[in-house]
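*Asks:* give me the fold of what follows.
(one chain, ligands or ions: 1)
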Amino acid sequence: MLWQQCLQQLEQEVPNSEINTWLRALHAIEKRQALYLLAPNTIVLQQVHEHYLPRIAFHARILTGDNEFDVLLQIGSSVAPPPPRETPPPTFPSPQPPKLSDNNVPNREREWNSQQPAPISERFANALNPRMTFANFVEGKSNQLACATSQQVGDHADTGYNPLFIYGGVGLGKTHLMHAIGNRILECDPSARVIYVYAERFVNDMISAIRNSRMEEFKQHYRSLDALLIDDIQFFAGKDRSMEEFFHTFNALLEGQKRIILASDKFPRDLEGIEDRLKTRFNWGLTVQIESPDLETRVAILRKKAEDAGLRLPNEVSFFIGKRFHSNIRDLEGALQRVIASMRLKCITQVTLDFVQNALRDQLASQDKMVSMGNIKKIVAQYYNIRVTDLDAKSRNRSVARPRQMAMALSKELTNHSLPEIGDEFGGRDHTTVIHACRKVTELRESTPKLEEDYRILFRTLTS
Ligand SMILES: Nc1ncnc2c1ncn2[C@@H]1O[C@H](COP(=O)(O)OP(=O)(O)OP(=O)(O)O)[C@@H](O)[C@H]1O
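*Replies:* Alright, predicted model coming up:
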């Protein structure tokens, strides 16, 4: 089963002829928490070892979720017993686990740092994470546009959104969307040459290529792609030679109407240390932002992730976690993983609010320090240039009433205090005043761009 799944992944990266000749010749056995691949002869053994084993191990580790999972290559028709100590085993173990980053991107450094040309299959290893798809990306107000345009770019080569530039804060789903685009492109055309790469990797690859006199091959490699996805584009800052090379790659791909998808933590114009001509080009297509998700989206994401892990979260639990982990989705996922790990440890199958509060005790304590109502009031007052005491006062003058409503709405969104507690904190007001304030802010955010911007800035300031 695992081997079949590995093959399905490899089919997207390795030409069919190679799959049929070398990989389908292997007999696979899963045993003792390892995948044994049995080669019928030494030629197959050698080929697989030299060209495909790292990729197989990479996929097996992704699929099993075990970064240490072993893939062992042997000759013969059955798994050899463990060899006596003095004789070397007739087994090629899979290489050291490729460093799996957050996004499970395999280490491709070897590619350019040897004088030997890399095998073609390896050069087109696309580094896409098959688990990051549109199907498991939860859409909400904060990412709607980014998600819709990403789907279009994944489906069609001629959307006019070239490049598609996705920007937004840490852990909000930029990388997920890029992988989803890449996976969709391959779904539509399995022979497409698609590469996902961090800008840092592009730079390192280029340095290795220069050092090993393989620059022509490097250029040819990147310029012959059907889709290039580069993450963390801000890393190019100050790296003039890499920017120059990227500029030409960019032009070549654009001229050939190949898709370019870029991600960064900043809007193109705000990227420091990046050449103006590149920034201008980034704006040729479409720039979309991913914002911090609102409470409903956070809860929807949480439920989806819990469901994927086979866990049903009671409403009060999902709202509790969603409310408390508001700054980014990575933290939200981290909280859920911690809850699941605690459940496993304690052999619990039903999760309750008490259990979650206990499991997340340390994280919640540090969150509390960051977003208290006192802090919200301080930041809002600073932002609107009024005094904190104005927020508590009786005045209904709009210059203080609006900031007060904003501070109440943020308190509701970012803290776990009840409506009466929030009212109390703002000069002993009634909970119906808080409800009114929250409704008013929601309404104004939709009708008044300036107020929406104020809300976003304050939200970001409080949660970053
Ligand atoms: N809308 C979403 N639905 C489901 N999962 C999401 C969503 N957004 C983000 N995630 C998950 O949150 C985690 C962090 O997302 P991702 O790595 O894409 O963030 P990022 O914006 O690229 O962050 P960074 O700038 O730090 O690289 C990933 O595991 C991703 O799958």
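*Asks:* wait, does whatever helix or strand E187 lives in contact the ligand?
*Replies:* In this assignment (DSSP states H and E), E187 forms part of helix 174-188. Yes: legend: contact between helix 174-188 and the ligand by CB under 6 Å from any ligand atom is shown at 174-176. Yep, even glycine has a C-beta here, placed from its N, CA and C like the rest.
*Asks:* elements contacting that helix?
*Replies:* With contacts taken as 3 or more CB pairs under 8 Å, 6 or more residues apart in numbering; DSSP states H and E, helix 174-188 sits against helix 144-155, strand 164-168, strand 194-198, strand 227-231, strand 259-264.
*Asks:* try 10 Å this time
*Replies:* The elements that helix 174-188 packs onto, with contact taken as 3 or more CB pairs under 10 Å, 6 or more residues apart in numbering; DSSP states H and E, are helix 144-155, strand 164-168, strand 194-198, strand 227-231, strand 259-264, strand 286-290.
*Asks:* how is this structure divided into domains?
*Replies:* Domain ranges of the chain: 2-98, 144-290, 295-370, 373-463, per automatic domain parsing.
*Asks:* just these: most buried one?
*Replies:* domain 144-290 (a mean of 19; mean count of other CB atoms under 10 Å).
*Asks:* on that earlier part again, just the closest of the residues of helix 174-188 next to the ligand to L302, please.
*Replies:* Distance from L302 was checked for each of these by CB to CB. The minimum falls on H176, at 15.2 Å.
*Asks:* state the number of residues packed around the closest residue to that closest one other than its chain neighbours.
*Replies:* Residue nearest to H176 in three dimensions, not counting chain neighbours: M132, with 4.7 Å by CB to CB, 6 or more residues apart in numbering. When neighbours are defined as other CB atoms under 10 Å, M132 has 22 of them.
*Asks:* M132 reaches G154, doesn't it?
*Replies:* No: the criterion here is CB atoms under 10 Å, and M132 misses it with G154 at 11.9 Å.
*Asks:* write out the residues of the protein neighbouring the ligand.
*Replies:* Looking at the ligand, the residues of the chain close enough under CB under 6 Å from any ligand atom are 102-103, 132, 136-138, 143, 168, 170-176, 265, 301, 329-330, 333.
*Asks:* which regions of the stretch 101-250 of the chain lie under the pLDDT threshold?
*Replies:* In the predicted model of the stretch 101-250 of the chain, residues 101-125 satisfy pLDDT under 70.
*Asks:* report the closest residue of it relative to the ligand.
*Replies:* Each residue of the stretch 101-250 of the chain has a distance to the ligand, by CB to the nearest ligand atom, and the smallest belongs to G173, at 2.7 Å.
*Asks:* circling back: starting at the chain centroid, how far to the helix holding E187?
*Replies:* The offset between the C-alpha centroid of helix 174-188 and the centroid of the whole chain comes to 11 Å, using CA atoms, centre = their mean, to the nearest Å.
*Asks:* C438: which element?
*Replies:* Element membership of C438, judged by DSSP H and E, is helix 431-447.
*Asks:* need the CA coordinates for that helix. PDB is fine.
*Replies:* What follows is helix 431-447 as a C-alpha-only set of coordinates in PDB (Å, rounded to 0.1, in the frame of the first residue of the first chain):
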ATOM      1  CA  HIS A 431     -23.200  43.900  28.200                       C
ATOM      2  CA  THR A 432     -25.800  45.200  25.600                       C
ATOM      3  CA  THR A 433     -23.500  48.100  25.000                       C
ATOM      4  CA  VAL A 434     -20.800  45.700  24.100                       C
ATOM      5  CA  ILE A 435     -23.100  43.800  21.800                       C
ATOM      6  CA  HIS A 436     -24.000  47.000  20.100                       C
ATOM      7  CA  ALA A 437     -20.400  48.100  19.800                       C
ATOM      8  CA  CYS A 438     -19.400  44.700  18.200                       C
ATOM      9  CA  ARG A 439     -22.300  45.000  15.700                       C
ATOM     10  CA  LYS A 440     -21.400  48.500  14.800                       C
ATOM     11  CA  VAL A 441     -17.800  47.700  14.200                       C
ATOM     12  CA  THR A 442     -18.700  44.700  12.000                       C
ATOM     13  CA  GLU A 443     -21.100  47.000  10.000                       C
ATOM     14  CA  LEU A 444     -18.600  49.800   9.600                       C
ATOM     15  CA  ARG A 445     -15.800  47.400   8.600                       C
ATOM     16  CA  GLU A 446     -17.900  46.400   5.700                       C
ATOM     17  CA  SER A 447     -19.000  49.900   4.600                       C
END
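*Asks:* tell me what it is packed against?
*Replies:* The elements that helix 431-447 packs onto, with contact taken as 3+ CB pairs under 10 Å, 6+ apart, are helix 398-414, helix 419-425, helix 449-463.
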